[in-house]
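Chemist: need the 3D shape of this:
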Amino acid sequence: MAIYYVDPLSGSDAAAGTSFGTAWATTQKAADTAVAGDEVRLCATATETPAAQIDWDTNAGTKTSLINFVGADATGTPLTTGYYTISGSSLPASTSLFYWATAASKYVRFKRIRLTGATDHNVKFDSSASNFSTYLIFDTCRIDSATNDGVQQGYSQFNYFLNCEIDGNGGSGFGIPADSIVSKAGFLRLVGVSVHNNGDTGVDIAYRGNYINNCLIYSNGSSGIKLGREFDQSIISNNTFYGNTGSGIGDAGSAIQGNLDGIITGNSFVSNGLYGLEDNRGGNVTAYIDYNHYYNNTSGETDFAGGTPGDNNQSGDPLFTSITSGSEDFTPTSGSPLIRTYVNNGNIGAVANTSAGGGGSSGTAHTFAC
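Modeler: As a prediction, this is how the structure comes out:
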C-alpha cells in the first residue's frame, strides 16, 4: 500500500506524490495513479479548483482493498473535523465535478471531502450504461451548491453515503436523469445523511434495493423522497421529513406503474406541503407501513384509500428543539410523541449528527429526552 499526497497550493503533478513535500497538485493526478489499497491524503492548504471535470475511470480498488481518498490538514494529517474542499467555480458551463463514465466496479472511499459549486452536477454517473455498479463510499462528506443535482445517479449503483450533508443544490439532492435506462437507478444506501434545501426533490428513487435510515430530509423544493418505477426490497426507516414543499414521501405520479412494496417505518412526517406519505400511482399497497408519526402536513397524513396504514402510528407536535431556518435541531424534547414509541421502546425519527460530522446543520448532537 502506498500513501500519496495532494497539495493544491504548492504541489506539482510532476512530483513523486509520496510525501507532503513532494505532493501532487490535483486530485485528477491521484485518481489516475492510485490503485487498490492505496491512500491519497488531500491536504487542505487551499481550495482545489479544477479547470475540468475529475474523471474516475482509470483505476479501481477491490471489495477487500479499496482506494481511499481522505481529507487531510495543511500538514498531511487526516482530518477529524472539517473538509478538504474541491470547488467547481472554474469549470466550464454545464460541467460536473466528479464523473464516472464506465460500468466497471470501482470500490473507492471518500472521507471528509467537500464537493461544491459545480456548473452541472457535483457527482455524476453516466446514464447510458446498464448494470452500472460503482460501489463507492462517501463517508462524512458534503456535496452542495451545484447548479443541477448534488448527485445524479446511474443504473443500479450500490453506492453508500454515510454521515454526509447534501444541501443547497439547484436540482435534487440525489437526482435521476429522464431516460429509460436510469428508470432503474437503485440500490442507494443513505445512513445518517442530511438532505436539505435542495431546489427539487431531496432523494429520487426509481428502482429497488434502497436503504435510507436515520436521515434528516427537510426543506427541499419538492418531496423529501420521490418514489418512481419500483420500490420493492427497499427500507425507509427512522428518518425525519420536515417542511418539504411536496410530500414527505411522494411519488412520480399516476403514470408510474407498479405496487408500493418494501418497508416504511419509524419515520416522522411534519409540516410537509402536501401529504406526509403519498402514493397515487394506482398500484397495490403491499408495503409494511407502521410506527410512523404524522403532524401538520398540509394535505393530511396520507392519501391511501381506507386511511393511514398501521395500528401503531403517533400524532401531535413533535416538540423539536428548533425549527428555525438555518439552525434546525430536530431533537425531540421532553413530552414528544416521538420518544419511546417505536419498536422495543425506541424512538421515532432520525438522530442527527453534528455539522462538523456532516449531519444536521445545527451542530447540536441529538440526545433524546427521557
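
Chemist: now Asn272: how far from Asn347?
Modeler: Distance of Asn272 to Asn347, given as Cβ to Cβ, to the nearest Å: 20 Å. Glycine gets a C-beta too; all of them are placed from N, C-alpha and C.

Chemist: so these two - more neighbours on which side?
Modeler: Applying other Cβ atoms under 10 Å to Asn272 and Asn347 shows that Asn272 carries more neighbours, namely 30 against 19.

Chemist: how about the more buried one, what does it touch?
Modeler: Applying Cβ atoms under 8 Å, 6 or more residues apart in numbering to Asn272 gives the contacts 223-224, 241-248, 297-298.

Chemist: with Ala51 instead?
Modeler: Ala51 is in contact with 90-91, counting by Cβ under 8 Å, 6+ apart.

Chemist: 6 Å instead, please
Modeler: Contact partners of Ala51, counting by Cβ atoms under 6 Å, 6 or more residues apart in numbering, are Ser90.

Chemist: pretty sure it sits in a helix.
Modeler: No - according to DSSP: H, G, I helix; E, B strand; the rest coil, Ala51 belongs to no helix; its state is coil.

Chemist: and the gap between it and Cys43?
Modeler: Ala51 is 20 Å from Cys43, by Cβ to Cβ.

Chemist: swap in Gly17?
Modeler: With Cβ to Cβ as the criterion, Gly17 and Cys43 are 11 Å apart.

Chemist: and the two? which has more neighbours close in?
Modeler: Legend: neighbour count by other Cβ under 10 Å for Gly17 and Cys43, higher for Cys43 (28 against 24).

Chemist: state the distance from that one to Leu66.
Modeler: 20 Å.

Chemist: dihedrals phi and psi, Asn344?
Modeler: Dihedral pair for Asn344: phi 60, psi 40, per degrees, to the nearest 10.

Chemist: any idea of the pLDDT on it?
Modeler: Looking at Asn344, its pLDDT is 93.

Chemist: need the helix or strand of the protein with the lowest average pLDDT.
Modeler: None of the helices or strands of the chain scores lower by mean pLDDT, DSSP states H and E than strand 249-251, at a mean of 88.

Chemist: what lines up beside the helix or strand following that one in the sheet?
Modeler: Per DSSP states H and E, the first helix or strand lying C-terminal to strand 249-251 is strand 263-265. The strands beside strand 263-265 in its sheet (DSSP bridges) come out as strand 235-237 (parallel), strand 288-290 (parallel).

Chemist: can you name the residues in contact with the least confident helix or strand of the chain?
Modeler: The contact list for strand 249-251, computed with Cβ under 6 Å, 6+ apart, reads 223, 225-227, 277-279, 281.

Chemist: now with 10 Å?
Modeler: Outside strand 249-251, the residues that touch it by Cβ atoms under 10 Å, 6 or more residues apart in numbering are 201-203, 205, 212, 217, 222-229, 231, 236, 239, 241, 244, 258, 260, 264, 267, 269, 272-281, 283, 289, 292, 302-303.

Chemist: list the residues that contact both of Gly17 and Cys43?
Modeler: Residues touching both Gly17 and Cys43 by Cβ under 10 Å, 6+ apart: 5-7, 11, 23-24.

Chemist: among the residues you listed, which lie within strands?
Modeler: Among the shared contacts of Gly17 and Cys43, the members falling in strands are 5-6 (criterion: DSSP state E).

Chemist: for the shared contacts of Gly17 and Cys43, which one is nearest Arg112?
Modeler: Distances from Arg112 to those, taken as Cβ to Cβ, are shortest for Val6 (13.4 Å).
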